[in-house]
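Pasting the sequence and the predicted coordinates here, then a few questions.
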Amino acid sequence: MTQPILVTCAFLLFSLALIMMFLEVFEIAPISSKLDWGTISRLKLEQRKPGDFGELMKRMPSKRTSKWIVVTSIAAPTDDVKRLASYSDWTLVVVGDTKTPADWNLPDVHYLSIETQEAMGFESVLRLPTRSYTRKNAGYLYAIANGAQWIYDTDDDNKPFGKGLDQFEYATDRTRGLRFTTLERPNGTIQESLFNPYRHFGRPDMWPRGFPLEHIKNHDHHDGAYRLCRVQRPPAVQQGIVQKDPDVDAIFRLLHAEPATGLDETFSEFAPPVILAPGMVAFRATDIWRSYFTQALLHTAGETVSFVPVNAIQKRNAHSYLKDFDDEIDVYDKAGKIVEFIDDWMCSAETLDKCTIELAEHFAEQDFWGYEDAQLVVHWVLDLQKIDYTFPAVRRGARSEYAIGDDKDLRRNCRRVHVSFANDLPVDKSMAAAKRAAMKINNFGDLKNWYFPASDQLAEATLENKTLTDNYHTVAIITNNYQWSLGMGMLQRMYEGNFAMLIFCGHYPNQSKEAETKDYPEGMQGGDSIYYPNLKRPINYIDLSNEEVRWGFLMYYCFAKVEEMKIQNVKGYVMFSDDAIFNFWNPLNLDIMQGTIRAPGWGPWVLEGADDDGDTHFSYRRSTA
């Protein structure tokens, strides 16, 4: 079960793909002898004569681009497969199996039958079982041999959704945006090193298949885990989120899925992409061992995984979730153990081919998989050598890259931020946002029992006001000329439920890990508990140093930082100071707003006049009175 994954072949496609072999070729058997690069011959590897790859290619379609899509299929070409084949800048390779129709054919598609796979001469492919999803490895090797620079890994029943493949980034030198990281142990904990992509995309009630069950209850993306970097290394692997029926474990399905129709899940439409720093453990949804194994190798090369917003939709066939539960017992039992192991593991070699074999041996020694699996890893590495794949070098110390810059450095690359998203707006924009209305009422506490309408009444009334519904796709940015102190809790209650996202921008004091248990952030004045409501957590903020704020003169810098976040599907942004009251319920036509005219002296802004044609064009000047 694959959710959309984009891999740049310049880095670690080999490690992403190889673990797919182990889903159905899984036996537990300890390795007694040390396995290193110098003693591979002890494995008694059978190297067969390579197939005539050049002759094989003469019989295949001429279409070959730098970007390839790899799927497996046992059915005749479906509408989803035909759609993938229609992308002019992508080449589709379909890997068949024994149940695939013998006459499978689609123009410009590279179809690999069982016979074709065997003719390629890759030892790892020859050892794969039939009627197995793991045969997709033949497609990976085929695409790399044909010059693939990017590979999109998906299923024949996944349908691109929203931006589809355009949701991925194809930069190879630099990118910008959010980065999720944490302290290295012993200062950090295993639980803090776990990243739940569903939580990031607005569903803290969900967890991916393979997330260690012992950490679900108390897991959170704590304040201080995110940072915003204007320049960072692009991720080697990008994982797309799937709408409707994402990959969750059998426990979640037994609790929430309908027996006949399965799940119908949605995610926040505003949440941006996020890169996981080396050392963070994420749980993508293909086979779990691949995720663990691959991330350890990625981090060894100093590479990263990122998650991008929803870009595919999947509808799964109804089946027995109890059987899924039985099949996943091994995952429930071993997930936490593997996480602890890969968090401590360091490769002793200097190149990733040797590290791959070393890690395969260690996985067998720990009973995570068996002896045959370790052999299969070696064959995979040797097959990549056959097609002249260049293995990355080991990059040590990558965990410490992209540290938070010094506050006094106006050119600093990374800064502290925190973001949290909710999935409280209906997918159908014509439906009333009842959850959002309930939030707005609750924000005013006991006053709701005094004169406020019921949440369903407020939701319906909001739906009739275009200004208020447009605000649901607008980001509000509140600035402060100095370090944040009083009033943030009040401002949250005034504006939070009325916009897509509320972001505080200004100097926000550095917080300890225990900060979220306190009523108000450390280093700020404590009077809010008396004069204003306490801070609501989680809070969205971007930290600007006092030097960057400069008494408010440089607050426009907040716009640049918010843009770096890559917040999705918003119509615009509105920025105002914490000491101003924004009448967000009044229509605001930005097409006719004019700039300001500053007159000498200080005083309140006053209206200077309107156009002769009667249009309401506003121009303001600073009064000297």
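Ah, there it is. Everything numeric here is computed off the predicted structure, so don't read it as measured data.

Just list the residues touching residue 490, thanks.
Residues in contact with residue 490 (CB atoms under 8 Å, 6 or more residues apart in numbering) are 532-533. In short, each C-beta sits where N, CA and C put it, glycine included.

same question, residue 310
By CB under 8 Å, 6+ apart, the neighbours of residue 310 are 161-162, 201, 240-243, 267, 269.

I'd like the distance between it and residue 268.
Distance, residue 310 to residue 268, using CB to CB, to the nearest Å: 9 Å.

Are there residues contacting both of the two? Which ones?
Shared contacts of residue 310 and residue 268 (CB under 8 Å, 6+ apart): residue 201.

what's the burial count for residue 386?
16 (other CB atoms under 10 Å).

What segments of the stretch 251-400 of the chain are helices?
Under the criterion DSSP state H, counting those that start in this stretch, helices of the stretch 251-400 of the chain are mapped to 288-300, 321-327, 329-344, 352-365, 371-386.

Any idea which of these gets closest to residue 571?
In terms of CB to CB, the element of the helices of the stretch 251-400 of the chain nearest to residue 571 is helix 288-300, at 35.8 Å.

chain center to the closest one: distance?
A distance of 16 Å separates the centroid of the chain from that of helix 288-300, by CA atoms, centre = their mean, to the nearest Å.

Now do that helix and helix 352-365, the angle between them.
Helix 288-300 runs at 140 degrees relative to helix 352-365, counting by axes from the mean of the first three to the mean of the last three CA atoms, to 10 degrees.

Kindly state the pLDDT recorded for the nearest residue to residue 288 once chain neighbours are set aside?
Leaving aside its chain neighbours, residue 288 sits nearest to residue 210 (3.6 Å; criterion: CB to CB, 6 or more residues apart in numbering). Note on residue 210: pLDDT of 90.

what number of residues lie near residue 210?
Residue 210 has 28 nearby residues by other CB under 10 Å.

residues in contact with residue 477?
503, 505, 558-559, 562, 573-576.

For residue 145, give me phi and psi.
Torsion angles at residue 145 (phi, psi; degrees, to the nearest 10) stand at phi -60, psi -20.

Quick check, it in contact with residue 54.
No. Using CB atoms under 8 Å, residue 145 is not in contact with residue 54; the gap is 10.4 Å.

Neighbour count for those two, which is higher?
Between residue 145 and residue 54, counted using other CB under 10 Å, the more crowded position is residue 145 (19 against 7).

need the contact list for that one.
Contacts of residue 145 (CB under 8 Å, 6+ apart): 53, 387.

how close does it get to residue 73?
Distance of residue 145 to residue 73, computed by CB to CB: 21 Å.

can you pull the contacts of the spatially most central residue of the chain?
By CA atoms, centre = their mean, the chain has its centre lying nearest to residue 307, at 1.7 Å. Neighbouring residues of residue 307 by CB under 8 Å, 6+ apart: 197, 200-201, 238-241, 273-274, 276, 282.

same question, residue 538
The contact partners of residue 538, by CB under 8 Å, 6+ apart, come to 221, 223, 418, 420, 516.

hmm, 7 Å instead?
Residues in contact with residue 538 (CB atoms under 7 Å, 6 or more residues apart in numbering) are 418, 420.

what's the closest non-adjacent residue to residue 355?
Excluding its sequence neighbours, the residue lying closest to residue 355 (CB to CB, 6+ apart) is residue 347, at 3.8 Å.

Sorry, wrong one. I was asking about residue 505.
Spatial nearest neighbour of residue 505, excluding adjacent residues (CB to CB, 6+ apart): residue 558 at 3.8 Å.

I'd like the distance between that neighbour and residue 568.
Distance of residue 558 to residue 568, computed by CB to CB: 19 Å.

Likewise for residue 382?
42 Å.

Comparing these two, which shows the higher neighbour count?
Neighbours around residue 382 and residue 568, counted as other CB under 10 Å, are more numerous at residue 568. The numbers are 20 against 17.

Tell me which of the helices of the stretch 251-400 of the chain is the most buried.
Among those, ranked by average contacts under mean count of other CB atoms under 10 Å, first place goes to helix 288-300 (a mean of 25).

now it: mean pLDDT?
Here the average pLDDT along helix 288-300 is 86.

what packs against that helix?
helix 13-18, helix 329-344, helix 352-365 (3 or more CB pairs under 7 Å, 6 or more residues apart in numbering; DSSP states H and E).

picking up where we left off before, including neighbour count, secondary structure and pLDDT, could the contacts of residue 310 go into TSV?
As requested, these are exported to TSV (neighbours: other CB atoms under 10 Å; DSSP: H, G, I helix; E, B strand; the rest coil; pLDDT from 0 to 100):
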residue	neighbour count	secondary structure	pLDDT
161	18	coil	92
162	17	coil	92
201	26	coil	96
240	28	strand	94
241	26	strand	94
242	25	strand	93
243	21	strand	93
267	21	coil	94
269	20	coil	94
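
All set, thanks.
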